[in-house]
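Participant: Structure for this input, please:
(2 chains)
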Amino acid sequence: MDLHLRHAAPTDDERAAVDALLGPPRSSWDGGERGDLRDAHVAIGGREARQQRHLLLPALQALQARVGWISETGLDYVCTRLDVPPADAWGVATFYALLSTTPRAPRVLHVCDDIACRCTGALELIRAIEDSVGPAHAHGPPGDHVAVDPDGTVWMRSPCLGLCDQAPAALLQESGVSPRERLLGGMTVERAAAVIQRSNAPLPVVQRSSAPPDDSNNHTLSLLKRIGAVDPTDITAYRNSGGFDALRKAIEIGPEAVIREVTDSKLMGRGGAAFPTGRKWDAVSKQAARPHYLICNADESEPGTFKDRVLLDGDPFAIVEAMTIAGFATGCEHGFLYIRGEYPLGAERIQHAIDEARAHDFLGADILGRGIRFDIEIRRGAGAYICGEETAIFNSIEGYRGEPRNKPPFPAQAGLFGLPTVVNNVETLANIPSIVLNGGAAFAAIGTEQSTGTKLFCISGHVARPGVYEVPFGKTLRDLMDLAGGVSTGRPLQTILLGGAAGVFVGPTELDIPLTFEGARAAKATLGSGVIVAFDDSVDMRDILLRIASFFRDESCGQCVPCRVGTVRQEEALCRIASGKALGGVAQEVALLDDVGLAMKDASICGLGQTAYSAIESAIHRVGVFKARA
Amino acid sequence: MGLNVGSDIALANAMAREILFAGLEDKTFISRGTTGFEAYRDAVQPYTLEFAERVTGIPADVIRDAAHQYAKADRAMICWTLGITEHHNAVDNVVALINLSLLTGHVGRYGCGCNPLRGQNNVQGGGDMGALPNKLPGFQDVCIPEEREKFERAWKRDILPTNGWNLSEMMDAMGRREMTALYVIGENPAQSDADMHHVEHLLRELDHLVVQEIFLTKTAQLAHVVFPATATWAEGEGTVTNSERRVQRVRKAVEPPGEARDELWIMSTLAERMGRGWGQPTAEDVWNEVRALSPQLAGMSYARLEELDGLQWPCPDLTHPGTKFLHARLWDEDPAKRGRLAPFSVVEDEGPVERPDDEYPLTLTTGRRLESYNTGVQSGGYLSPLHRGESLDISPEDADRMGLEPGDMVQVTSRRGTLETRAFIDPGLRAGMVFMTLHFPDDVATNVLTINATDPRSGTAEFKACAVRVEPVRRGATRGAHAAEPFAAAGDD
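Facilitator: Numbering: from 1, shown residues only, chains lettered A, B, ... in the order given. Sure, this is the predicted structure:
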């Protein structure tokens, strides 16, 4: 790819897709017809065009959705419109797994082969798909010359799709004039074949209702109270269930008071880092530089995590309300909700909620007639785990490769577009309305001294009732396993992955770990994003560890050496162990893994590299997987 | 704004007229800090938007908009490069822009001013060190007795109280055989100067030519003596001054290759052979001498440059923090503190010396491409996927009219010379304009075409405009296939 535009003519479809997003070009400088004499003496471009850079990813997504892949002519046209060098845009396009820069059939079925789905037969499913419909799609050579079947469907393996409670999961991407995407649960080979071969057989179950499993724990649900009970597409139903009361109260008491309540609530971030939300808000609200930005981080991609999906699908108005309160409190007029590309239903529901809220003056230039200005824009990810990192998300929204930034400066000082930015996880924000309504002290009274409120746990793997569970802080791992009905297979529990791929494996004797921030810390574990994946003793942990290693290798952004090289070396070593070809014996390979893992932990720029060895290390040293089987 | 080449003054004067017409001038600044406003105001009156549109090609509403935006901006800066200065009326072009900044008060304040952007890290440093025909180090004037005499005392030598020659004047003097010896340091005039055939002839006719270089350039190949020198940014010690007048330290990182010698050593040794024993001063010794003789650099000890990551002159003493921007004095409420006021100067539109006509219907402008550097001495040896060799860049309209396909050989002819190269169709050009570079002088000697019309005040030649004729070369009659391969490779990798 070149730094220079090639001025290659886009196809009509490509032009239409990009123009639908950006509007028609204004001159020959940004892709219009040549010939206007004025254009010969007045250039359109420069800073004004480059300020549109944040539309690069949406424009690439528009091409992908319309044409099924991003050709060089399509890319060139986007670059002409946005004044971005093609080599630069190519770097962005190739960053994301859901964007293809090689010709590909218009329908793609992404079949999850990640750890939770493996517990419910994902690998057997994939083998069966290979047998019945043929091998997975392989990237062809770049270029425009490869013919693809315009009605064709291909399938590919995918990392965790966030539908672990309905495993095995798949995502169907259909490009064209009316593109569609659907998450599919409960996949079987028959269903997969029906999708791929486009038979007239009924489509597989589209992602089932988001209702959580029956929670007979008898405490009052707070975060999940509307899930499955209130129509997530009806703003009136939302208002009748207390919706927007918190926003009214927030405006009543003012930004300082809202931040005070949030600080008093001792709410900690639920995305994994557990930073006090009140402190974050306070820091941003006091920054003199303007504007401030709010980002709701809905790029939930940690394998085994699906709690945010349930909130986005099932209670979108609450997220919109919570973001509005957060924006009001911290002096933001513009919020972005960055949702992972694999959540089409969530994006649709949130967009609907935003439109409805705007129509009812809960968003916009004059919220509730009080002269408050705040609006929300959705940005969809495109298949990159790293974009959930709080600074990578800035680069992704700004139209750059989603590579994390060095800190400092911290987001509160210089975040999105270099300005003070609040980044909050979906679940964190979902706590805000009740904190505003009931007061920080009431919230702090729930849970433990250091871990306040309730927490969502995503339980999957070999459990009887996989799903999202809301419990007050203080329950033990055993309590949660009991809630989910225990091991589904009747076999002994081998291990539990706590906190996701960046978390730790704990053994069956550690079920009394209290699932609080301080309890997990004391047990040298982490709650991470609230992941609990249970594995019975039939699972070959070498295979699971290899999948985790391959996940990190694939998702490493490649920016810093420890992670880029380390994740490859880690996978290689595990691969040798798994295939019985350990160099110098398993112990020596483990020593190598420890060494590489330490380098990644010490020297990587961001959390991905720093935790890429965490789960594997715990499986080896805590659970002793190689001792049992090597 | 894509103005017709050489119409910069018409544009600047029309913006000025519009600013005055709309009452957007900075009356406070004009009255406090400037002289000659009335004459300037009257002189720009004929430059209506309509006139400017006719001359520059820029629509009147765009000029008007630019004028208003510039005048109303809280902080605005005018930056330029060689497009302003490589003209026969280069100084007038610059003056026209300075007039605009004076008119709007965008001068002497943080974030404002006029900035010529330099093509090298140390162009400013060359000026600082007195590498100008009329200046001694620290911009002290050779014709002002007290400034000159200070140097005479320090150097124990008389200095001619007359201005020297700039490069173009030197060339003329060589032509008159008034100048018969030349010592060239780090320049390649045999390939970089306008009207190349003529320059090469002059260099060959010299009695003695010394070239101090890091590569054996075309000029060095003509020399009687070549001193292999060091790349100062990596192989030697010293300082450089960048465009914001910041003096920074340069440190030696590697030993120079082969028999290359430190530049200071070459000059000191040369002085010794000529009977002037300087000894072998270090870079810091030389710098301290510069500081002792140049008041505006006096406060910049090596230790301070080190500690503060460079300092911006003027920096008159060791406690001075350096100067972020110049000319703040012009705003002073006390007239006594304003010093010499900034003069408006009347300048008129002249256009390029050579305009397109029936015989030479296209305007050739020359410049640089991103991936190459000047005559290619430093950049030609490196592989870059962007290198595609020299070409004549031409608008789709003109290419279409001549039936040119990308990569076709064309003959380009001006009143001074002719050459062949490949056509490259560039939608960034408008009809009537063609573009070439000077990056590949060994393959395509662009400067055989350019005109040696020089601004006598700056000594720069009008590289930016000359009239040419372009004709397709019949296939099969192609001379030299040097450009074929780069073109083939330019596509995919």
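Participant: so what's the nearest residue in space to B:Leu449 that is not next to it in sequence scoring on pLDDT?
Facilitator: Take B:Leu449 and drop its neighbours on the chain: the residue closest to it by CB to CB, 6 or more residues apart in numbering or on different chains is B:Ser414, 4.2 Å away. All C-beta atoms are positioned from the backbone trio N, CA, C, and that covers glycine. We have a pLDDT of 95 for B:Ser414.
Participant: same check, this time on B:Gly36
Facilitator: Model confidence at B:Gly36, expressed as pLDDT, equals 97.
Participant: Could you report the pLDDT at residue 158?
Facilitator: This is for chain A. With respect to pLDDT, A:Ser158 scores 96.
Participant: Chain B was what I was after
Facilitator: The model reports B:Asp158 with a pLDDT of 94.
Participant: Phi and psi next, for it.
Facilitator: With angles defined as degrees, to the nearest 10, B:Asp158 sits at phi -80, psi 140.
Participant: what's the neighbour count on it?
Facilitator: 9 (other CB atoms under 10 Å in any protein chain shown).
Participant: How about stretch B:57-74 and chain A, any contact?
Facilitator: Yes: interface with chain A: stretch B:57-74 contributes B:57-59, B:62 (CB under 8 Å from any CB of the partner chain).
Participant: mind listing what's buried in stretch A:45-62?
Facilitator: Of all the residues in stretch A:45-62, those buried under the rule 16 or more other CB atoms under 10 Å in any protein chain shown are A:49, A:52-62.
Participant: Please save the CA atoms from that stretch in CSV.
Facilitator: Output in CSV follows, covering the C-alpha atoms of stretch A:45-62 (Å, rounded to 0.1, in the frame of the first residue of the first chain):
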residue,chain,number,x,y,z
GLY,A,45,-9.2,19.2,2.3
GLY,A,46,-6.6,20.1,4.8
ARG,A,47,-7.5,20.4,8.4
GLU,A,48,-11.3,20.4,7.8
ALA,A,49,-11.0,17.0,6.0
ARG,A,50,-8.6,15.6,8.5
GLN,A,51,-11.0,16.4,11.3
GLN,A,52,-13.2,13.8,9.8
ARG,A,53,-10.6,11.2,10.5
HIS,A,54,-12.8,9.7,13.2
LEU,A,55,-15.1,8.5,10.5
LEU,A,56,-12.5,6.2,9.0
LEU,A,57,-13.5,3.1,10.9
PRO,A,58,-17.3,3.7,10.2
ALA,A,59,-16.4,4.3,6.5
LEU,A,60,-14.5,1.0,6.3
GLN,A,61,-17.3,-0.7,8.1
ALA,A,62,-19.7,0.7,5.6
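Participant: wait, does it make contact with chain B?
Facilitator: No: shown here: stretch A:45-62 not in contact with chain B (CB under 8 Å from any CB), separated by at least 10.3 Å.
Participant: got the contact list for that stretch?
Facilitator: A:17-18, A:20-22, A:29-30, A:70, A:75, A:78, A:81-84, A:89, A:92-93, A:96, A:99, A:341, A:379-380, A:382, A:396-400, A:417 (CB atoms under 8 Å, 6 or more residues apart in numbering or on different chains).
Participant: Please look at the residue nearest to B:Leu449 and B:Val470 and confirm they touch.
Facilitator: No: with contact defined as CB atoms under 8 Å, B:Ser414 does not count as touching B:Val470 (10.5 Å).
Participant: rewinding a little: narrow the contacts of stretch A:45-62 to those that are buried.
Facilitator: Buried subset of the contacts of stretch A:45-62 (neighbour count, 16+ other CB under 10 Å): A:17-18, A:22, A:29-30, A:70, A:75, A:78, A:81-84, A:89, A:92-93, A:96, A:99, A:341, A:379-380, A:382, A:396-397, A:399-400.
Participant: pLDDT of stretch A:569-579, averaged?
Facilitator: Mean predicted lDDT for stretch A:569-579 stands at 96.
Participant: can you check stretch B:190-209 too?
Facilitator: Average pLDDT, stretch B:190-209: 87.
Participant: Only the buried residues of that stretch, if you could.
Facilitator: For stretch B:190-209, by 16+ other CB under 10 Å, it's B:190-196, B:198-200, B:202-203, B:206, B:209.
Participant: Could you do stretch B:99-112 as well?
Facilitator: For stretch B:99-112, burial by neighbour count (16+ other CB under 10 Å) applies to B:99-109, B:112.
Participant: go on, stretch A:272-287?
Facilitator: Applying a neighbour-count criterion of 16+ other CB under 10 Å, the buried positions in stretch A:272-287 are A:272, A:274, A:277-278, A:280-285, A:287.
Participant: for it, the distance to its chain's centre please.
Facilitator: For stretch A:272-287, the separation from the chain centroid amounts to 21 Å (computed by CA atoms, centre = their mean, to the nearest Å).
Participant: do the same with stretch A:589-598
Facilitator: Distance of stretch A:589-598 from the chain centroid (CA atoms, centre = their mean) equals 29 Å.
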